[in-house]
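Chemist: please work out how this folds:
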Amino acid sequence: MSKPQATDLFWLTWCDEELRQGRTVQIRAHGLSMFPQIWPGAMLSIFRKDVRSLKVDDWILFRRKDHFVAHRLIEVLHQKELIGYAQGDANFFRDEPITIDNYVGVVEAINGRKKSMRRINKWFRLGFSILVWSYRQPRRIMSKLKQFFKSAKPRF
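Modeler: Just a heads-up that it's a prediction; the model follows:
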């Protein structure tokens, strides 16, 4: 993973400060972990919600290293610093624990419309995950092969 740029850190900090002051922030979605609920390129409206009022199925925004992640809250614990666990609708595994330190806010709307809270069918999720895997895996293999052949020195 590349080193975060100063501008990335600036925008992450700015968004976090705006949310803490009670303002709504719009962020463009990237990736497929919440597909088909959130499409890549969709504008997400985020607002800060009190941690104690979070409940299962809320779509939360949290900070992971040098970027934000929007996933569905699947387990609420409210134990000291630990809020709970989240998971992308198209992912098989839950994310790392969500703490008060990395919690940012809640997704309020997608492309200006209030979001739908319904979960996707587990069979659709399985089929989509297989489709995404079958797309990503050959690309990863080809990338590794290119790296290998570029680094191999010819023997004469």
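
Chemist: when you work out contacts or count neighbours from here on, use the C-alpha atoms and nothing else.
Modeler: Will do.

Chemist: in this protein, where's the longest strand?
Modeler: Ranked by residue count and defined by DSSP state E, the top strand of the chain is strand 67-79.

Chemist: pLDDT score assigned to Arg140?
Modeler: At Arg140, the pLDDT value in this model is 81.

Chemist: so what pairs up with the residue positioned nearest the centre of the chain in the strands?
Modeler: When CA atoms, centre = their mean is applied to the chain, the residue found nearest the centroid is Val69 (2.7 Å). The bridge-partner assignment for Val69, based on DSSP bridges, gives Phe62.

Chemist: next one: the lengthiest helix in the chain to chain centre, how far?
Modeler: Of all the elements of type helix in the chain, the one with the most residues (DSSP state H) is helix 122-151. Offset of helix 122-151 from its chain centre (CA atoms, centre = their mean, to the nearest Å): 19 Å.

Chemist: same check, this time on stretch 66-83
Modeler: For stretch 66-83, the separation from the chain centroid amounts to 11 Å (computed by CA atoms, centre = their mean).

Chemist: next: stretch 90-101.
Modeler: When C-alpha coordinates are averaged (CA atoms, centre = their mean), stretch 90-101 and its chain have centres 9 Å apart.

Chemist: repeat that for stretch 48-56.
Modeler: Between the mean C-alpha location of stretch 48-56 and the chain-wide mean there is a distance of 18 Å, by CA atoms, centre = their mean.

Chemist: quick thing: my sequence starts at 10, can you match it?
Modeler: New numbering, starting at 10: the last item is stretch 57-65.
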